[in-house]
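1. Task: produce atomic coordinates for the following.
(chains A and B)
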Amino acid sequence: MKKFSVKKFLDSGSLFIWLCGGALGLSLLMIGGLLIIIMINGMGYFWPKDLIQFTLKDGSVVLGEWVATETIPDSESADKPKGNERIQLKIGNRDLYGLDFRWVDQTDIVNEQFPSDVLAFERREWGNFYGRIKGIQEGEILLASGNEEGMRVLFSLLERTNGIQKQIHEIEHNEIGELNHLLEQARLRLRSLEMSDQSGAEERAGIEMRVQELEALYEVQNTALIALYEELEQFRMTAVDVSGEEKTFQFGTLVKVWLPNAMGVGEKLIMYVENFWKVLSEEPREANTEGGIFPAIFGTVLMVVIMSIAVVPFGVLAAIYLKEYAKQGLLTRMIRIAVNNLAGVPSIVFGVFGLGFFVYAVGGTLDQLFFAEALPNPTFGTGGILWASLTLALMTVPVVIVATEEGLSAVPREYREGSLGLGATKLEALWRVVLPCAMPGILTGLILAVSRATGEVAPLMLTGVVKLAPSLPIDGFFPFLHLDRKFMHLGFHIYDVGFQSPNVEAAKPMVYVTTFILVLVVILLNMAAIALRTRMRRRYAGSSV
Amino acid sequence: MQTVSSPVTSGTFSVRPERATLSTLVVRTTTSENEHMKQEQMEPTPAALAESHPKIVIQDMNFFYGTVQALTKVSMPIPANRVTAFIGPSGCGKSTLLRCLNRLNDLVDGTRIEGKILLEGYDIYDPGVDVTDLRTRIGMVFQKVNPFPKSIWQNVAFGPQLQNVRKRATLDEVVEASLRGAGLWEEVKDRLHASALGLSGGQQQRMCIARALAVNPDVLLMDEPCSALDPISTGRIEELLYTLKERLTIVIVTHNMQQAARVSDLTGFFLLGELIEYDDTKTMFTNPSDRRTEDYITGRFG
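-> Below is the predicted model:
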């Protein structure tokens, strides 16, 4: 038998291979674990869970969604021995209990049931309600009483009230929104007329006429709105929880009602997809803990797009000068070191710079020059999506410069000489042969820049992100893309929902969902860039880039 | 240093004297080999021709990479419509000299040149010379085959497009004429818009020759054009040189002694940056006057 020798083993190099493999494996495990945890928690949120009803030792009844089961941490009391488990339930009904969540000790549970007639109500305020219907009223008339009769009326009525809600939303956002926009325009025009020396009395009179017309129109819309609200207020529902406590609320506050325990897997799947779509497409409610995150997704993507438009030309031009035109020497070496160091500067520093330079200096000046009529309300002199994007562009420009320089170095010398030999000037050679070949390298830079920028939050907090933006940066009013507007961002949304929310426990699933979608957005943006790069590579298959 | 008759000392010199145009190219390249041989017998030796009708004259040229001298006192006339070969061991400066002829060395930082290189009597290092213009007159084919990652058509049309030829029909004509000139037309005419990278190595090199021909140069510099090719492709390119020299002056750097003997009319032997011997190829390979030339050619060193 061959004797095992440590020296031989070390010399053979297999230890080293094991180390390398182990390091890679560990990295993959961590990345995979991270993604899986986010995915499980994020994706679970959309699933309509069953409602469990526990009867406890003291005779009380609890109804709610299962959230978690955990071993009770060490406690002194004798009736709760070590190693026992407790269950966290989402009991909802915040307006009745004050808290949405409750821990139930396993030892206290006498009976566990899944009553098929309990309803889950998603409401526009106070979170979910779990329980049964006692009665539905229109004005003073009782439309239905009891749970079974209630359910028959409920769904058709819900459709009607949601229709009214939609009309209200339509009027509030589109009709009145447009009137407000026009009124604001008129106000600003009047203000700028006042500020300029020319009298313009005729124009002023015209505008004032117009304002009166608009205000009349506004009154009409407002009356319609009041009528709709009154109609909505007609409908009320009294619901009762498992322990018999009653709560009457406006029917209009209901978003959705479902019967979790009576639903089959197919129905739940449909609802799962619906819920997912709602989160993607709707605006947030209740301090961002409920509803969707569409404005945040939109803001994130738009910000990254504007950043890319700014960073690529800027970084590529800088890299071209540094690589192709600048005389290589001590100075260029120092500039390269500086550029690399810039990539390591903490992002909040860029945020401070963005606030000082872009927002106050550039934005303030722009306001004084072009938007004087709106002062003292700042237009560009406050944080906005443009300044945030430019700050991020500044932050990621070193990445693009370095990647472009590497891409340029990787273009074979023969391509340059070949084109120069055909009578191309340096610029022509660069533009027609070298740059196309360096394109994959440039796109690698863009991919890295996008990845870093998408997840960055700190500088945005100083330069234009808000927890709730009243309107998207793109809308139907000229100039359509409003670069001065504040915006919402997925990264900031995570921070806001997770740590600034009044109801942390209720916000937890939303944090995971937002994280999951942020990761999804990063992946999608990257995949788009990678697909572009693959196409480029295929086209320039001969180059070694 | 004595200035040779150079009427222009400043300002851009006019680029194109009367030369074969592309339309005559196709006709002229069909000249049969016999005729060519006949001409050879009637005319003076290439060396004599170089003295009497030089296309390019190199005068007392020194070349430095930083502080390292790569070429020392090189003087040689290069005759029109002949193939001149530069031979010598690696690092002897022959490629450097070749790259000086179209000023590609300008791109290398820290290089310096002394002396003169005259193209038809004009100093190509004169400050008034438009370098890009010069490079359209002196084309180059490189050792490492370098088709651009574009289609064959785009590759060949690259040069004319740089000179602002925009009309599609004209470009098509130039592409066809150039590819015919490089003997590649029949092989690629059906896939002009396919990537040039899909061609074989030999085809790629001939396409590079076609690309150089498309700008209609006077002089074609070839830096070891066959070093990466198989013997059959090499043979085809050598054949091409016979027809091309009808209308072009060709300077070729080669490591292959047989190739120099086969294709060139004149041969210059370089050693350590010096031109050791420069004469008719026949003389060089049969009766060299310098001992070192003989040693190199017979394979005693190098």
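2. Residues of the stretch 351-500 of chain A that sit close to chain B?
-> A:412, A:414-425, A:428, A:432-433, A:436-437 (C-beta under 8 Å from any C-beta of the partner chain). The way it works is simple: take the backbone N, C-alpha and C, and place the C-beta from them, glycine included.
3. Filter those residues down to the buried ones and express that as a ChimeraX selection.
-> For the buried members of those, the matching ChimeraX selection, counting by 16 or more other C-beta atoms under 10 Å in any protein chain shown, is:
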select /A:412,414,415,416,417,418,419,420,421,422,423,424,428,432,433,436,437
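4. can you map out the strands along chain A?
-> For chain A, the strands defined by DSSP state E occupy A:51-56, A:61-71, A:85-90, A:101-105, A:109-113, A:119-123, A:129-138, A:141-145, A:235-240, A:246-250, A:254-258, A:284-285, A:290-291.
5. Would you tell me which one of these is buried the most?
-> strand A:119-123 (a mean of 22; mean count of other C-beta atoms under 10 Å in any protein chain shown).
6. in the stretch 51-200 of chain B, which spans are strands?
-> Residue ranges of the strands in the stretch 51-200 of chain B, as given by DSSP state E, counting those that start in this stretch, are B:54-65, B:68-79, B:83-87, B:111-119, B:122-123, B:138-141.
7. Look at the residue sitting nearest the centre point of chain B and report its pLDDT.
-> By C-alpha atoms, centre = their mean, chain B has its centre lying nearest to residue B:221, at 1.9 Å. The score at residue B:221 is 92. That number is its pLDDT.
8. Just to check, it is in contact with residue B:101?
-> Yes. Between residue B:221 and residue B:101 there is a contact under C-beta atoms under 8 Å: 5.7 Å.
9. Overlap of the contact sets of those two?
-> Counting by C-beta atoms under 8 Å, 6 or more residues apart in numbering or on different chains, the common neighbours of residue B:221 and residue B:101 are B:138, B:251.
10. could you pull out the helices for the stretch 101-250 of chain B?
-> B:131-137, B:152-162, B:168-181, B:185-188, B:201-213, B:231-244 (DSSP state H, counting those that start in this stretch).
11. what angle do the third one and helix B:201-213 make?
-> Note on geometry: by axes from the mean of the first three to the mean of the last three C-alpha atoms, to 10 degrees, helix B:168-181 and helix B:201-213 are set 130 degrees apart in direction.
12. which helices and strands sit right next to helix B:168-181?
-> Contacts defined by 3 or more C-beta pairs under 8 Å, 6 or more residues apart in numbering or on different chains; DSSP states H and E place helix B:168-181 against helix B:22-28, helix B:152-162, helix B:185-188, helix B:201-213.
13. buried residues in it?
-> Neighbour-count burial for helix B:168-181, counted by 16+ other C-beta under 10 Å, picks out B:171, B:174, B:175, B:176, B:177, B:178, B:179, B:180, B:181.
14. Off-centre distance for it?
-> How far helix B:168-181 lies from its chain's middle: 21 Å, per C-alpha atoms, centre = their mean, to the nearest Å.
15. possible to save the helices of the stretch 101-250 of chain B as TSV with mean pLDDT and distance to residue A:187?
-> Output for the helices of the stretch 101-250 of chain B, formatted as TSV (pLDDT from 0 to 100; distance: least, C-beta to C-beta, whole Å):
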stretch	mean pLDDT	distance to residue A:187
helix B:131-137	88	60
helix B:152-162	91	56
helix B:168-181	91	58
helix B:185-188	89	70
helix B:201-213	90	66
helix B:231-244	88	79
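16. Output those helices in TSV; the columns should cover distance to residue A:528.
-> Shown next, in TSV, are the helices of the stretch 101-250 of chain B (distance: least, C-beta to C-beta, whole Å):
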stretch	distance to residue A:528
helix B:131-137	39
helix B:152-162	27
helix B:168-181	34
helix B:185-188	36
helix B:201-213	34
helix B:231-244	42
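17. rewinding a little: between the strands of chain A, which one is nearest to residue B:274?
-> strand A:284-285 (81.6 Å; C-beta to C-beta).
18. picking up where we left off before, quick one: the residue nearest to the centre of chain B and residue B:76, what's the gap?
-> In this view, residue B:221 and residue B:76 are 14 Å apart by C-beta to C-beta, to the nearest Å.
19. Surely residue A:249 and residue A:123 touch.
-> Yes. Using C-beta under 8 Å, residue A:249 is in contact with residue A:123, at 7.0 Å.
20. any residues in contact with both of these two?
-> Overlap of the contact sets of residue A:249 and residue A:123 (by C-beta under 8 Å, 6+ apart) consists of residue A:129.
21. Surely residue A:233 is in contact with residue A:252?
-> Yes. Using C-beta under 8 Å, residue A:233 is in contact with residue A:252, at 7.1 Å.
22. Nearest to chain B within the stretch 251-400 of chain A, name that residue for me.
-> Of all residues in the stretch 251-400 of chain A, the one sitting closest to chain B is residue A:328 (6.7 Å; C-beta to the nearest C-beta).
23. give me every residue that touches that residue.
-> By C-beta under 8 Å, 6+ apart, the residues touching residue A:328 are residue B:109.
24. next one: phi and psi at it?
-> Main-chain torsions, residue A:328, degrees, to the nearest 10: phi -70, psi 120.
25. Quick check: residues of the stretch 201-302 of chain B near chain A?
-> With C-beta under 8 Å from any C-beta as the criterion, the stretch 201-302 of chain B meets chain A at residues B:208, B:211, B:212, B:214, B:215.
26. Before I go, just wanted to say thanks for your time.
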